[in-house]
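Student: I would like to see how this sequence folds:
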Amino acid sequence: MQYLSDLLPWQFSPTTCAVFGLALALYVRGWAVLRRARIRIRSWRALVFGLGLALNYAVMQTYFDFLAQHMFWVHRLQHLILHHVGPTLLILSAPVPILRAGIPAPLWRLLNVPWVRTPLRRLWHALQHPLIAPVLFVGLIYFWLIPSVHFDAMLDTRRYELMNWSMLLDGILFWWLMLAPREAQGASALRYGARCIVLTAVALPQIVIGAYIALTTRQLYSIYAVCGRAWAISPMLDQQIGGLLTWIPAAMMSAVGGIVVIYRVLSEERRRLAPEATDPSGASAGAPA
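Tutor: Predicted coordinates:
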């Protein structure tokens, strides 16, 4: 029973539960709508989407959230999931057509009213700009790790929720720009070569700040001594593990993103060459007469 109680919200957030519940409801409804329309959807997409949603929910609304408030390295693991792993899984599941199908018609019409659609579209294009997106991605990591800012955020519930939500939403925006197929991105699509440059660019600052946190001999985050640590480990060891999580796994996500980008390039190339592989009679274009 102890394990079941650990799954309950540590600090219940109506907003968090409502957002995740709505996302799940739209996905399930959209899946059912597409199935009724006899549109085939691969099961792995639902599994990946569910895993991404569950991981993000778990680090925000279970006992894990308590640990994140009382251990620096757990906090860094929390943000690794919210800013990197969780959004990556959501984007790779290609959920947009399913979520779109799940939106009720009246709500969809409201979202397409010009005075609603136009400012949302402008904001979206601004946040998807190839210069703004990586700066915001790295900037949020640095901002929330400023010791004084971090201290205040961990003591104030509203700032703490703002910190976590900003990491999750920015993670979704950034990894959508990096990992989504170009045909799904429309006008904001970024060339695959540029994506590789951006992924490399965001990895370097993460390596720098992670290495600094892990290797410095000065205790940076005294808030965990004030609140009390969940486990009896030294403050410096807690900080070093947290620094390593910011340094290595977070930077490695750029390598994972690069692999996905290469896969996108190869997939588009195969689709481009497919019509050329055979002539109208069905014979191979390169086969001897």
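Student: quick one, phi psi at residue 180?
Tutor: Residue 180 adopts backbone torsions of phi -70, psi 150, taken as degrees, to the nearest 10.
Student: quick one: it and residue 128, what's the gap?
Tutor: According to C-beta to C-beta, to the nearest Å, residue 180 stands 10 Å off from residue 128. The C-beta positions use only the backbone N, C-alpha and C, and glycine is treated the same way.
Student: could you do residue 205 as well?
Tutor: Note on residue 205: its distance to residue 128, by C-beta to C-beta, is 20 Å.
Student: likewise for residue 151?
Tutor: Counting by C-beta to C-beta, the gap from residue 151 to residue 128 is 32 Å.
Student: then residue 8?
Tutor: To residue 128, residue 8 is 37 Å away according to C-beta to C-beta.
Student: more crowded one of those two?
Tutor: residue 128 (19 against 10; other C-beta atoms under 10 Å).
Student: what residues does the more buried one make contact with?
Tutor: Contact analysis of residue 128 by C-beta atoms under 8 Å, 6 or more residues apart in numbering lists 173, 176, 177, 185, 188.
Student: how about 7 Å then?
Tutor: Contacts of residue 128 were listed using C-beta atoms under 7 Å, 6 or more residues apart in numbering, and they are 173, 177, 188.
Student: so which of these is the closest to residue 67?
Tutor: The closest of the contacts of residue 128 to residue 67 turns out to be residue 173 (C-beta to C-beta; 27.1 Å).
Student: with adjacent residues omitted, what lies nearest to the closest one?
Tutor: residue 127 (5.4 Å; C-beta to C-beta, 6 or more residues apart in numbering).
Student: hang on, isn't that neighbour packed against residue 174?
Tutor: No. Using C-beta atoms under 7 Å, residue 127 is not in contact with residue 174; the gap is 9.0 Å.
Student: what sits in contact with each of those two?
Tutor: Residues touching both residue 127 and residue 174 (C-beta under 7 Å, 6+ apart) are residue 133.
Student: more crowded one of those two?
Tutor: The residue with more neighbours, out of residue 127 and residue 174, is residue 174; 27 against 17, by other C-beta under 10 Å.
Student: quick one: pLDDT of the closest residue to the more buried one other than its chain neighbours?
Tutor: Spatially, and ignoring its direct neighbours in sequence, residue 174 is nearest to residue 137 (4.5 Å; C-beta to C-beta, 6+ apart). The score at residue 137 is 97. That number is its pLDDT.
Student: a helix runs through residue 137, doesn't it?
Tutor: Yes. Counting by DSSP: H, G, I helix; E, B strand; the rest coil, residue 137 is part of a helix.
Student: phi, psi for residue 131 please.
Tutor: With angles defined as degrees, to the nearest 10, residue 131 sits at phi -100, psi -40.
Student: any idea how far residue 144 is from it?
Tutor: Residue 131 is 21 Å from residue 144, by C-beta to C-beta.
Student: tell me the SS of residue 217?
Tutor: The local conformation at residue 217, judged by three-state DSSP, is coil.
Student: so what pLDDT did it get?
Tutor: Residue 217 carries a pLDDT value of 92.
Student: sticking with the closest residue to it other than its chain neighbours, tell me its helix or strand.
Tutor: In this structure, residue 217 finds its nearest non-sequential neighbour in residue 236, 7.9 Å apart by C-beta to C-beta, 6+ apart. Secondary structure assignment for residue 236, by DSSP states H and E: helix 235-277.
Student: packing partners of that helix?
Tutor: helix 72-80, helix 157-179, helix 192-215, helix 223-227 (3 or more C-beta pairs under 7 Å, 6 or more residues apart in numbering; DSSP states H and E).
Student: tell me which of those sits nearest to residue 66.
Tutor: Residue 66 sits nearest to helix 72-80 of all those, at 9.1 Å, using C-beta to C-beta.
Student: contacts for that closest one?
Tutor: The list of residues contacting helix 72-80 from outside it, by C-beta under 7 Å, 6+ apart, reads 59, 67-68, 167, 221, 224, 238-239, 241-242, 245-246, 249-250.
Student: thanks again, I'm all set now.
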